[in-house]
Structure formats: structure tokens, C-alpha cells
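Colleague: give the three-dimensional model of this entry:
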Amino acid sequence: MTIERRTFASDVEHRSAGLNRRLIIGYAYKFRSLSRLMGGFREQILEGAGAESIRRDDIRALLNHDANFVLGRNTAGTLKLAEDSTGLHYEIQADERISYVSDLLIALERGDITHSSFGFRVNAGGQEWAKHEDGFTPLRSINSLTILDVSPVTYPAYLSSESSAV
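Modeller: Numbering: from 1, shown residues only. Okay, here's the model as predicted:
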């Protein structure tokens, strides 16, 4: 099984959500936004690509895609996911009693971390290849994927992604 992760910058807000709880928000991907050049190609996520996965799958929020640093989980109710008109929006209930969560909130507030990413698998028949508008670079368009995680990250593949604390 091949797991692919894409990251990009996004705005994340931080809000108080009860005792020792704040929110980490962001966009893991924005529709039709191009990735950085990755191994000789660029890619984009098309509208609705993750909608079925959001309804069906057990998805985690991780810090920098590291399974040792779980921030939330949709099946636990600590991660909310939705594709809106912009892309894949997420909201994590950040419990500051967890040391790495507290550290992440500080990094988000300082602007040290401002982007997001997502781990995924492309579903069968879920991609199309064409040439980028430059006429040379291959362009991968993904229309169906299984989301494994969303992550505030240091180094994004998608510069349009966002993450912040509110």
C-alpha cells in the first residue's frame, strides 16, 4: 500500500472551546490549487474528491504526519472534517494538557507553523493525467481519494494550505 501525503499553507484559527480546549483549524487542501513540483509532476485535488472518505473513514489529525503525535480523531469527536466550496476544512479540539499540543499551539500563534498537509491513497480510477498549462509538466488531477490524516506541517507540498489556532 502506497501512502501519499501532500501539504500546503492555510490559515488556522484558535478559539476557546472549554476548559483546556482550543481549536486548531485549517485547510488540508484547496480545490484546484497546484502542488509544488513533486518528482517531476504537479498535482491538484478536484471538488468532492474526499467527500466519501469523510463520511466513511476513521481519520486522524497528526502533527507533521507523525502517528506518535495524535491531535484528534473524527471517530472520537475531536476532529471535524468537511469539504466546503474552498477545499478540505478541518477543526481539531486541541487539549492543552497534552504537552505537544501546547507546544503546537505556541508554534501556530507565533507563525512558525502556518501550513497543512494530508495523508491519502488515490482510489481506483480516482486520478487523471494531463499536461500542465506550461505544456511540459505532467499534471495529476485527483477526483477520488481515501483520507488517512490531516496535519499541521512544517513543510507543505501545497502552499495554499492553511493552519492556525483560535
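
Colleague: quick check, residue 49 in a strand?
Modeller: No - under DSSP: H, G, I helix; E, B strand; the rest coil, residue 49 sits outside any strand and is assigned coil.

Colleague: next one: it, what pLDDT does it get?
Modeller: Reported pLDDT at residue 49 in the predicted model: 98.

Colleague: ok, residue 97 to residue 23 distance?
Modeller: 15 Å (Cβ to Cβ, to the nearest Å). The C-beta positions use only the backbone N, C-alpha and C, and glycine is treated the same way.

Colleague: and the two? which has more neighbours close in?
Modeller: Taking other Cβ atoms under 10 Å, residue 97 and residue 23 do not tie; residue 23 has more neighbours (20 against 9).

Colleague: for that one, what are phi and psi?
Modeller: phi -120, psi 140 (degrees, to the nearest 10).

Colleague: wait, isn't it in contact with residue 108?
Modeller: No - Residue 23 lies out of contact with residue 108 (Cβ atoms under 8 Å); the separation is 10.5 Å.

Colleague: helices and strands around the helix or strand hosting residue 28, which ones?
Modeller: Applying DSSP states H and E as the criterion places residue 28 in strand 21-30. Applying 3 or more Cβ pairs under 8 Å, 6 or more residues apart in numbering; DSSP states H and E, we find strand 21-30 packed against strand 4-13, strand 87-95, helix 99-110, strand 115-122, strand 145-153, strand 162-165.

Colleague: ok, the residue nearest to residue 41 when sequence neighbours are not counted - contacts?
Modeller: Spatial nearest neighbour of residue 41, excluding adjacent residues (Cβ to Cβ, 6 or more residues apart in numbering): residue 138 at 4.1 Å. Neighbouring residues of residue 138 by Cβ atoms under 8 Å, 6 or more residues apart in numbering: 40, 41, 42, 129, 130, 131, 132.

Colleague: of those, closest to residue 113?
Modeller: residue 42 (23.5 Å; Cβ to Cβ).

Colleague: the closest one contacts residue 134, doesn't it?
Modeller: No - contact criterion Cβ under 8 Å: residue 42 and residue 134 do not qualify, at 9.4 Å.

Colleague: quick check on the residue nearest to residue 41: phi, psi?
Modeller: Dihedral angles (degrees, to the nearest 10) for residue 138: phi -60, psi 140.
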